[in-house]
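Chemist: any chance you could fold what I've pasted below:
(one chain, ligands or ions: 1)
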Amino acid sequence: MRVLVLGAGVIGVTTAYYLAKQGHEVTVLDRESSPGVETSFANAGQISPGYASPWAAPDVPVKAVRWMLDRYGPLVVRPGLKPAMWRWMFSMLRNCTASRYAINKARMVSVAEYSRDCLRALRDETGITYDNRSQGTLQLFRKQSQLDGVGGDIEVLQQYDVPFEILDRNGCVGAEPALAAVREQIVGGLRLPDDETGDCFLFTQELEKIAAGLGVRFVYDTAIRSLEVTGGKVSQIVTDKGAFTADAYVVALGSFSPLLLRPIGIDIPVYPIKGYSLTVPIVDADCAPQSTVMDETYKIAITRLGDRIRVGGTAEVGDYKIRLTPGRRAPLERSLTDLFPKGGDLSRATFWSGLRAMTPDGPPILGPTGISNLHLNTGHGTLGWTMACGAARVVADLVSGREPEIPADELTVRRYG
Ligand SMILES: Cc1cc2nc3c(=O)[nH]c(=O)nc-3n(C[C@H](O)[C@H](O)[C@H](O)COP(=O)(O)OP(=O)(O)OC[C@H]3O[C@@H](n4cnc5c(N)ncnc54)[C@H](O)[C@@H]3O)c2cc1C
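Modeler: Numbering: from 1, shown residues only. As a prediction, the model looks like this:
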């Protein structure tokens, strides 16, 4: 088949790769002039199936109030007359029950674990490198109450057979030797040895070249204006460079997916949740992290990516603007200077923001729609890098009419009724 993939972020490029591997003639459209330069550009670098959890958890409504009142807290809500935002927030609150959480978590873990396996296979097959490491992640507790409260997480990890280690202060320093300099700040940690790290942007750029080698055509600087539907099928994609046609279409437009789907009657509850990151050059490798350290106190991830440290966090519920709010830089800087004070040079850091395409329940939206030749691969939220390969493989299988290797029925848009 001729397949058009809309969007060249990590999700669109991995989808194109798997479609090409399955023998299709693939074209990818994007408004940018190269792949992976929007949300996939400077995320926190965690490939972390172990942390695959919905934000909509039973304790979140109470925690959210506390976070919003804290200057260094991880949550910011910018209220306004935005019906889609309020609808998303109410829907998320409705998902904050124990029973909904269990269902949503199971769906996310299934995609994330499958994705890690697909990524490993892709790496073996292609030899792709992207400042990647396979050294696990460490969730770091600075307060005894955080360590005491880890029981619930452990039960979930055991339920899904995710290997983990509970570490005391010395164990944390053993896993991340640079923490020795600040050992008095540490109470303990939860380590997930199977998690990985890597630069999502580098991966996307490298995989784009590999996909091009398989025959995928990438068309950049092309803004998609609309999808046109005739007789229950997408008939063409209208862009500022003219119309494009194919036998099948995959929407992988991140946070912008709902804006193009709504006019053709597909209403997906995806909303942009903004996050920020700092990329800091390493000045002393012995004082830098080895892998990802999740600073539980501020919900900030600190990741080693080659000769740089990536520090990422914050959930800002507002609009589609990616302007940099200076106040959001302070929590990232504080977390890094608290834990790795001599690792990087903050005066040369690059500050960035991106929009996570979040569903209110947590799992992404994959596969078929009510329009027979239109598929979705969007709504991966905080975990698009973690889920990219698995989600793309599932969607490629569905486009090809094959049975995916994990249950996919509950991941489609139909789950919203
Ligand atoms: C601060 C932060 C930290 C994060 N940390 C992690 C992490 O540690 N681990 C993890 O797994 N995930 C993380 N994520 C999430 C992850 O980065 C995203 O889920 C992932 O990048 C989404 O990829 P995507 O391809 O869907 O979106 P994008 O990369 O945004 O790609 C969408 C593409 O669609 C194109 N597009 C949109 N509209 C149009 C149009 N009209 N016409 C043409 N092209 C269009 C855009 O140009 C873009 O290239 C983080 C996100 C943020 C913001």
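
Chemist: can you map out the helices along the stretch 51-200 of the chain?
Modeler: With DSSP state H, counting those that start in this stretch as the criterion, the stretch 51-200 of the chain has helices at 60-69, 83-94, 98-126, 144-148, 151-159, 169-175, 200-213.

Chemist: swap that for the stretch 251-400 of the chain, sorry
Modeler: Taking DSSP H, counting those that start in this stretch, the helices of the stretch 251-400 of the chain run over residues 257-261, 329-339, 384-399.

Chemist: tell me which of those sits most buried.
Modeler: helix 384-399 (a mean of 28; mean count of other C-beta atoms under 10 Å). For the C-beta atoms, the positions are set from N, CA and C on the backbone; glycine is no exception.

Chemist: let me know the pLDDT of Tyr17.
Modeler: pLDDT, the model's per-residue confidence, is 98 for Tyr17.

Chemist: quick one, what contacts it?
Modeler: Tyr17 makes contacts with 122, 207, 210-211, 214, 216, 392, as judged by C-beta atoms under 8 Å, 6 or more residues apart in numbering.

Chemist: just give me the neighbour total for the residue of the stretch 51-200 of the chain at minimum distance from the ligand.
Modeler: The ligand sits closest to Cys200 of the stretch 51-200 of the chain, with a gap of 5.9 Å, by C-beta to the nearest ligand atom. Neighbour count of Cys200, defined by other C-beta atoms under 10 Å: 26.

Chemist: ok so, going back, and the ligand, which of the helices of the stretch 251-400 of the chain is closest to it?
Modeler: Here helix 384-399 is closest among the helices of the stretch 251-400 of the chain (C-beta to the nearest ligand atom), at 1.9 Å.

Chemist: that older thread, now the helices of the stretch 251-400 of the chain in a markdown table, with mean pLDDT?
Modeler: Formatted as a markdown table, the helices of the stretch 251-400 of the chain follow (pLDDT from 0 to 100):
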| stretch | mean pLDDT |
| --- | --- |
| helix 257-261 | 97 |
| helix 329-339 | 95 |
| helix 384-399 | 98 |
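
Chemist: can you redo those as a markdown table with distance to the ligand?
Modeler: Listed next are the helices of the stretch 251-400 of the chain as a markdown table, based on distance: least, C-beta to the nearest ligand atom, whole Å:
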| stretch | distance to the ligand |
| --- | --- |
| helix 257-261 | 6 |
| helix 329-339 | 9 |
| helix 384-399 | 2 |
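
Chemist: ok so, going back, out of the contacts of Tyr17, who's nearest the ligand?
Modeler: Nearest member of the contacts of Tyr17 to the ligand, counting by C-beta to the nearest ligand atom, is Ala392, at 9.7 Å.
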